[in-house]
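In: task: produce atomic coordinates for the following.
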Amino acid sequence: MQHKAVLSQSEVSQILQAARSEAQQQGWAVAIAVVDDGGHPLALERLDGCAPIGAYIATEKARSAAIGRRETKGYEDMVNGGRSAFLSAPLITSLEGGVPVLVDGQVVGAVGVSGVKAEQDAQVAKAGIAAL
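Out: Model (predicted):
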């Protein structure tokens, strides 16, 4: 039988707190989503001033990073490089800002952020993950 690591609620809280702190230090109004390795929601937070759609986009970025086992920036780069077929790929959001959470090389979840420029979304997500 195989065993795998999972994100605990305590770890999810650490991720949210660190991501929120990074966003607030930068003055960014974002939504932050954390999902498990199957892309199922564990937490969602929309900071004051973030547009409601940010919550949806952040969740989709996190889900795409979890089930794709890679940063969503990879999909955005493919589309920008001319592989427009990825725009119609089911269950994949091709916008930077979704980052997988790795433990011993295995994806245990992902963080998605939306509300500012794509690279800034990714910066906030990575700051959250770095708290682990």
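
In: excluding chain neighbours, what is closest to Ala130?
Out: Ala18 (6.7 Å; CB to CB, 6 or more residues apart in numbering). C-betas here are computed from N, CA, C, even on glycine.

In: now the one you found: phi and psi?
Out: Main-chain torsions, Ala18, degrees, to the nearest 10: phi -70, psi -40.

In: does Asp121 touch Val30 like I think?
Out: Yes. The pair Asp121 / Val30 is scored as a contact, 6.8 Å apart, by CB atoms under 8 Å.

In: what touches both of those two?
Out: Common neighbours of Asp121 and Val30, using CB atoms under 8 Å, 6 or more residues apart in numbering, are Ala58, Val113, Ser114, Gly115.

In: in this structure, which spans are strands?
Out: 31-36, 41-46, 98-103, 106-114 (DSSP state E).

In: closest to Ala62 out of those?
Out: Taking CB to CB, strand 106-114 is the member of the strands of the chain nearest to Ala62, at 3.0 Å.

In: off-centre distance for that closest one?
Out: Strand 106-114 has its C-alpha centroid displaced from the chain centroid by 4 Å (CA atoms, centre = their mean, to the nearest Å).

In: for that strand, name the packing helices and strands.
Out: helix 9-26, strand 31-36, helix 53-68, strand 98-103, helix 118-130 (3 or more CB pairs under 8 Å, 6 or more residues apart in numbering; DSSP states H and E).

In: apply 6 Å and report the result again.
Out: strand 31-36, helix 53-68, strand 98-103, helix 118-130 (3 or more CB pairs under 6 Å, 6 or more residues apart in numbering; DSSP states H and E).
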